[in-house]
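Trainee: Pasting the sequence and the predicted coordinates here, then a few questions.
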Amino acid sequence: MVIIKFVLMNLIAMTFFYISIRNFLRALAIFFVMAFSFFEACAQYEPEAVLEEEESNSIFSHKGIEASFGMRNFTLESDVTELDRLNVFEEGGSAAFIFGNTYSRIVARLAGLYYSNSATKRTIDLFEVEINSNVYLLKALQLPAKKADAYVMAGLNNQSMKFYGHYIEEADRVEKQRGVGREPFLGSINTTNINIGIGLEYRIQAERDFVHFFAEAKTGIQLRASANIKRLENTSIEKPYAVNMGVRFGRRK
């Protein structure tokens, strides 16, 4: 439980930095610098018996949660001139449940919220829900992987993008009147995509508790898209790329 308390304290610290979306990379850097000294302490703490993970085929031998920060980048294709060929950069974070065994894990991200940064000319909010399967390469090949392992991932996600601004005629917008102090909500599109990617995970463990720091990159293939207003019906995403960095922690049997 010492590890979990440490992670929670660092996540709280990161949250304060995250109040400003544009500073989330600074928060990540501070988080990993703070974690470095903990790696050293943990290495001294871990008894030799704990370093060897028990091999288990149970899909629920590892259970826990994940918190991550990330960036999304994609290009829009659209009949709306202001959106066509628009390069979009999104920054934000997500929370997930994880379960699996030593060879593979299911990561169910139930809440991912991202906002367009200053490099994006239009205001676009992105809400993402996804489920991925991670297969750990060294474990699958029965090679030593006590501390670090690479993994490949595949899965599905659903993205809802909300557009704000003044470039769609008022009669065609979802929000007919602008709220005080913000751009009017124009409409949204929903996309379903296949995920494929790679990642790297660094592990520390004490008794039955575990903490896994990770970084991953992925791309996607759009399966379908739909819009809630006619002007956005032919709007879709192209060349999507994503990067996530974060921590997974929980318990193992």
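Mentor: Received the coordinates, thanks.
Trainee: Report the buried residues of the helix or strand Met71 falls within.
Mentor: Here Met71, judged by DSSP states H and E, is contained in strand 62-77. Applying a neighbour-count criterion of 16 or more other CB atoms under 10 Å, one finds 62, 64, 66-74, 76-77 buried in strand 62-77. Just so you know, the C-beta spots here come from the backbone N, C-alpha and C atoms, and that holds for glycine as well.
Trainee: Also stretch 230-242?
Mentor: Within stretch 230-242, the residues that count as buried by 16+ other CB under 10 Å are 231-232, 235-237, 240, 242.
Trainee: now, which of those residues sits nearest Ala96?
Mentor: Ala242 (13.9 Å; CB to CB).
Trainee: Please report how far the closest one lies from Leu126.
Mentor: Plainly put, Ala242 is 10 Å away from Leu126 if you go by CB to CB, to the nearest Å.
Trainee: shared neighbours, these two?
Mentor: Common contact partners of Ala242 and Leu126 (CB atoms under 8 Å, 6 or more residues apart in numbering): Arg72.
Trainee: Look up which residues are beta-bridged to Ala227.
Mentor: Note on Ala227: beta-bridge partners Ile189, judged by DSSP bridges.
Trainee: Report the contact partners of it.
Mentor: Ala227 neighbours (CB under 8 Å, 6+ apart): 187-190, 233, 235.
Trainee: again, but for Arg85
Mentor: Arg85 touches 75-77, counting by CB under 8 Å, 6+ apart.
Trainee: Check for me that it belongs to a strand.
Mentor: No. Assessed with DSSP: H, G, I helix; E, B strand; the rest coil, Arg85 is coil; it does not lie in a strand.
Trainee: Now do the phi/psi pair for it.
Mentor: For Arg85, the backbone dihedrals are phi 60, psi 20 (criterion: degrees, to the nearest 10).
Trainee: Quick check, pLDDT for it.
Mentor: Per-residue pLDDT puts Arg85 at 95.
Trainee: just Glu46 next, same as before
Mentor: Looking at Glu46, its pLDDT is 45.
Trainee: How about Met34?
Mentor: Value for Met34, per-residue pLDDT: 49.
Trainee: next one: Asp172
Mentor: At Asp172, the pLDDT recorded in the model is 88.
Trainee: do the same with Phe163
Mentor: 96.
Trainee: how many neighbours does it have?
Mentor: Other residues within reach of Phe163 by the criterion other CB atoms under 10 Å amount to 30.
Trainee: Name the nearest residue to it, ignoring sequence neighbours.
Mentor: Nearest non-adjacent residue to Phe163, counting by CB to CB, 6 or more residues apart in numbering: Leu186, 4.5 Å away.
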